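J.: output the structure for:
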Amino acid sequence: MADVVQYKLERMTTELDDLEKRHIFTRQEISEIVKQRRKFEYRLKRPSPLKQDYLAYIEYENSLDKLRVLRKKGLMRNGVGEVKKKSVSDYAGVSRIMEIYRLATNRFKGDVELWFRYLEFCRDKRNGHMKKVLAQVIRFHPKVPGIWIYAASWQFDHNLNAAAARALMQCGIRYCRTSEALWVEYLRMELTYLNKLSVRRAALGEDVGTLVSDVQDPEDKQWRDENKELFMSIDGESEVKGVHVENEELKEKIDVFRKKGMNALQAVYKSAVDALPSSFSLRTQFLEILEATNLTNSESMQKEILDDMKNEFSKDAGYWDWLAKYEAAGRRSGQDVISEVTPDQLCKAIKVYDEALEAVPSSTIFDLYIKFLMDAIGRNDLKLSDSSGNDIDLVSHVLMVFEKAQSMGCITEDLACQHVSFLLELRRLDDARSLAEKLCNAELSEAVNLWVLRLSIEMRRITTPSKDDFSFMFDLLQKPLRKVNVLKAESLWLMGLKYFSNQKHYFEKLVDISISSLIRDGGSDDGFSLSSAIVNFVLQKDGIQSARDMYKRFLALPRPGLAFYRNCIEMEMNIASSATGKVHLADVRKLYEAALSTYDQDSSLWHDYHSMESKMGTSETAAAVHWRARKTLKGNATLLS
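T.: Next up is the predicted model:
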């Protein structure tokens, strides 16, 4: 290994001598360069070099070459003549980085990211190796669509070889037939190529117009208006675009590329849909491309795509949501629906949602419908009129949609909470209270979030609670607590414990309900622990002794849960560490032993027990825990240090 590294370093002699001779680096700096390169070369010669070793070497050589370029420019500004001439040191850095990339990709052939780094370096340096590297990466990764797109893009944009780009895309489609990106980019490339030909003909005065849609950037339009002479045809006719063309032959020339573009779009669209019949996003992307271009019979093609989408996805809620926003955007894909929506467009979108409710009534449709209306209300479009002059009150319409969801049996917990919250925003407290009560007593009797909302409404209504109010609130709270699983009712339990924390009688009743619920559902090994929450409330309110009495009640239950054991241990540890003596260690040890009686295969629990004995116990007790842990775990988990 040392001989190979030394041989490589000796091959750098000519380059390093040239750098010193041209005064780019000093002898001391060259010695440091050799030292760093030797270190990197030894890393690469290890039995199993890491990817990071190659990348670190490349980063160092990149930085070194950038420094060389800067110093060379500085010497040139100072008038050093010899530096202007190209020499071996000007090429050696790039060649070395290329060699490191070659070695890295040979070792990590499956790393696509590394290959792309290699390709980007070749493209930036324009050293003629791009085609060779592209051939290699395609050979190793023919199933990666991004590689075919990258290769075709380079051929089309940088190498100006449309035929090679087309061949690459078609080959990529054969390998990755189900790639949406490949189909879309292939169509973009074909239309871009036709548009370039059209622009060239227009510039020569042989044709007018392009495939690009007439919608222009205002700044670009202003520039074209200020430079009209640049767009004059050779025969002296007026501006090539936007004028009435009387020559029938010229009209035919205008339509040639538009017809070819439409033929290309139809052919690619048909093949893409055959390959991806269930892809909705593919059709929307084709529709966006169609709208951005100026092709022959684009309206009929647009209608064909929309009809195809309706036939295939009329049972999909996402299709109806897209169609409504498409109408709201003025039948333009990819537009921001939030801004600049006319009342007529908004009414059309509402009609689409109403049609969707008839076609596929579901809670998802209602949720999307209401979200759309809420966004419209957020723009202060509270009232609008459609093209027929009919007035629509959006607030009333939202409430109507909520009621329709309930009547059609599509109400969900989320929709119900949105409905109640919306009424609260409208300051209709009594209506919100009645609705929450109705839903909680009917189909959503176990909806935790709705119960939380209902209880918060009642708490807001009661400013200074009396005994009767506390009794009413407790009776209301215990209904869901006795039904819902402890883990799902976390927010309800925390709300109840906080509300009744200073009401001893009702707090004790909550404890009794919690014991019944924990017997039914069991404690939690992870996440929310009801027993821990109650013990913490008692600790803050009544002190450590009351907290001990409380957690002993919960420990007597079956399956207290690992989370509860850990909480009690942490509480006792805090007390033990703050006390002058170690009288509380016995309680901590009892808790660990009780937890290990059920969770003896939990290595982290053994580790915590051993750490506690090491810090607060004796060496004998720590050694005993260590021995027991090794014996119990039997090497199946990480042994204690």
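J.: per-residue pLDDT of the nearest residue to residue 46 once chain neighbours are set aside, please?
T.: Spatial nearest neighbour of residue 46, chain neighbours left out: residue 53 (7.7 Å); criterion: Cβ to Cβ, 6 or more residues apart in numbering. Quick note: C-beta positions are derived from backbone N, CA and C, even for glycine. What the model reports as pLDDT for residue 53 is 95.
J.: any idea how far residue 571 is from residue 53?
T.: Applying Cβ to Cβ, to the nearest Å, the value for residue 53 to residue 571 is 49 Å.
J.: the residue nearest to residue 46 against residue 42, yeah?
T.: No: counting by Cβ atoms under 8 Å, residue 53 does not reach residue 42; the two are 9.7 Å apart.
J.: okay, those two: which has more neighbours?
T.: Residue environment comparison for residue 53 versus residue 42 gives the larger neighbour count to residue 53, 19 against 15, counting by other Cβ atoms under 10 Å.
J.: which stretch of helix or strand covers the residue nearest to residue 46?
T.: Assigned by DSSP states H and E, residue 53 falls within helix 51-77.
J.: same thing with residue 392?
T.: strand 391-393.
J.: list the buried residues for the next helix or strand after that strand?
T.: Using DSSP H and E, the helix or strand that follows strand 391-393 towards the C-terminus is helix 394-407. Residues of helix 394-407 classed as buried: 394, 397-399, 401-402, 404-406 (neighbour count, 16 or more other Cβ atoms under 10 Å).
J.: dump whichever helix or strand comes after helix 394-407 to CSV, restricted to CA.
T.: Toward the C-terminus, helix 394-407 is succeeded by helix 413-425 as the next helix or strand (DSSP H and E). Extracted as CSV, the C-alpha positions of helix 413-425 are listed here (Å, rounded to 0.1, in the frame of the first residue of the first chain):
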residue,chain,number,x,y,z
GLU,A,413,-65.4,14.6,14.5
ASP,A,414,-63.3,17.0,12.6
LEU,A,415,-66.3,18.4,10.6
ALA,A,416,-68.3,18.7,13.8
CYS,A,417,-65.5,20.6,15.6
GLN,A,418,-65.2,22.9,12.6
HIS,A,419,-69.0,23.5,12.6
VAL,A,420,-69.1,24.4,16.4
SER,A,421,-65.9,26.5,16.1
PHE,A,422,-67.4,28.4,13.1
LEU,A,423,-70.5,29.2,15.2
LEU,A,424,-68.3,30.4,18.0
GLU,A,425,-66.5,32.7,15.6
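J.: show me what the following helix or strand past helix 413-425 is packed up against.
T.: Where DSSP H and E defines the elements, the next helix or strand beyond helix 413-425 is helix 429-440. Applying 3 or more Cβ pairs under 8 Å, 6 or more residues apart in numbering; DSSP states H and E, we find helix 429-440 packed against helix 413-425, helix 448-461.
J.: hey, where'd the strands end up in the protein?
T.: For the chain, the strands defined by DSSP state E occupy 383-385, 391-393.
J.: output the lowest mean pLDDT helix or strand found in this protein.
T.: helix 218-226 (a mean of 55; mean pLDDT, DSSP states H and E).
J.: any low-confidence regions in the stretch 301-450 of the chain?
T.: Using pLDDT under 70 as the threshold, the predicted model of the stretch 301-450 of the chain has low-confidence ranges 334-340, 380-391.
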